[in-house]
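Visitor: next input, structure requested:
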Amino acid sequence: MRELTGLSERQIRYYEERRLIHPDRSKGGTRKFSFDDVEKLVRIANQIEDGWQTSEIRKQDLKETNAQIRDKMIAGQLNAAFPSRKM
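Guide: Got it, this is the predicted structure:
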């Protein structure tokens, strides 16, 4: 993971402890990182370098997640109200 992110194992563990990332785990408990996780780790590292606190990053992620959920709900409502017609 260090090669992909430039982060140490300890930094990655710290971000996980601070609930900034939530990687899947194997049955044996090994972290399984997705491409999205790698991108998020790089973004977090950049934000930390820019002076962000972990609590600020978590709040920003929550806002983004809530916006994505809202957008999906609106899209679903629009699709239900205006179903596409097949010709």
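
Visitor: buried residues in whichever helix or strand residue 41 is part of?
Guide: For residue 41, the host element (DSSP states H and E) is helix 35-49. For helix 35-49, a neighbour-count test (16 or more other C-beta atoms under 10 Å) marks 37-38, 40-41, 44-45, 47-48 as buried. The way it works is simple: take the backbone N, C-alpha and C, and place the C-beta from them, glycine included.

Visitor: ok, residue 1 to residue 42 distance?
Guide: The gap separating residue 1 from residue 42 is 11 Å, by C-beta to C-beta, to the nearest Å.

Visitor: ditto for residue 7
Guide: Per C-beta to C-beta, residue 7 is found 8 Å from residue 42.

Visitor: just residue 73 next, same as before
Guide: Taking C-beta to C-beta, one finds residue 73 at 29 Å from residue 42.

Visitor: quick one: low-confidence residue ranges for the chain.
Guide: 85-87 (pLDDT under 70).

Visitor: all the strands of it, residue numbers only.
Guide: 24-25, 31-32 (DSSP state E).

Visitor: in its sheet, which strands sit next to the first one, and in what direction?
Guide: Pointing back at strand 24-25 there. Partners of strand 24-25 in the sheet, by DSSP bridges, are strand 31-32 (antiparallel).

Visitor: count of residues packed around residue 14?
Guide: A count of neighbours around residue 14, defined by other C-beta atoms under 10 Å, yields 14.

Visitor: for this protein, which helix is longest?
Guide: When the chain is parsed with DSSP state H, its longest helix is helix 54-81.
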